[in-house]
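Asker: quick one, structure for this:
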Amino acid sequence: MFTIEPLTLPGVLLIKPEAARDGRGVSLTTYSADEFSSLGIMTRFVEDYASVSKRNVIRGLHFQKAPYAQDKLVRCISGKIFDVVADCDPSSPTYGTYDSHILDAAEGDMLFIPGKYAHGFCVLSDEAVTEYKLGAAYHPESAAGARFDDPRLAVAWPLEGTPVLSKKDAEWPPLP
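Answerer: I've put the predicted structure just below:
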């Protein structure tokens, strides 16, 4: 039902569901605990979250500090996003690097993101609905992030104008 492709950061996986297409449209399975387990994804997801965002909105880069790190399964269910996974841990050998992938609802691709990484995206379509499965509950006291324009990460966001950010996202400090 699914194929996986490892990306550059260890543990980050592009997941492609098998889609059944016919004259009515498309049907696909977006999650199966048994099949994910057979692919090595052992996360027990405990919360689902969704966001609706307009073109040029950037959400992130967000993560939760241990012991509340959240593995994520991210997919775009309407529209198109440029999704980013960044290593913000100074003790990591891949610190300051990122992976990116365009998630298009028409394709159904998903990203599995281990909780040790920061995650964010920008909206490429007029509007996008993004859905996350989370491996841990939200704990505001553990919330952390990196600026979308952090010079160490130097993410090449494909924006068509000025980014639209939350106050919190605009105020994250630069990475050390």
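
Asker: quick one, helices of this structure?
Answerer: 33-38, 167-170 (DSSP state H).

Asker: show me what the longest one is packed up against.
Answerer: I take that to be helix 33-38. Contacting helix 33-38 under the criterion 3 or more C-beta pairs under 8 Å, 6 or more residues apart in numbering; DSSP states H and E is no other helix or strand. C-beta coordinates here come from the backbone N, C-alpha and C atoms, glycine included.

Asker: restrict it to CA atoms and write it as PDB.
Answerer: Extracted in PDB, the C-alpha atoms of helix 33-38 (Å, rounded to 0.1, in the frame of the first residue of the first chain):
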ATOM      1  CA  ALA A  33      -0.600   1.000  11.900                       C
ATOM      2  CA  ASP A  34       0.300  -2.500  10.700                       C
ATOM      3  CA  GLU A  35       1.800  -1.400   7.400                       C
ATOM      4  CA  PHE A  36       3.700   1.500   8.900                       C
ATOM      5  CA  SER A  37       5.100  -0.900  11.500                       C
ATOM      6  CA  SER A  38       6.300  -3.200   8.800                       C
END
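
Asker: let me know the outermost residue of this protein.
Answerer: Within the chain, Gly23 marks the point farthest from the mean C-alpha position, 31.0 Å out by C-alpha atoms, centre = their mean.

Asker: rewinding a little: and of the helices of the chain, who's closest to Arg152?
Answerer: Closest to Arg152 of the helices of the chain, according to C-beta to C-beta: helix 167-170, at 16.6 Å.

Asker: what's next to the closest one, contact-wise?
Answerer: Ile58, Arg59, Gly60, Gly145, Arg147, Phe148 (C-beta atoms under 8 Å, 6 or more residues apart in numbering).

Asker: ok, now stretch 143-163?
Answerer: With C-beta under 8 Å, 6+ apart, stretch 143-163 has contacts from 55-58, 60-65, 82, 84, 86, 88, 96-98, 100, 118, 120, 122, 124, 165, 168-170, 172-175.
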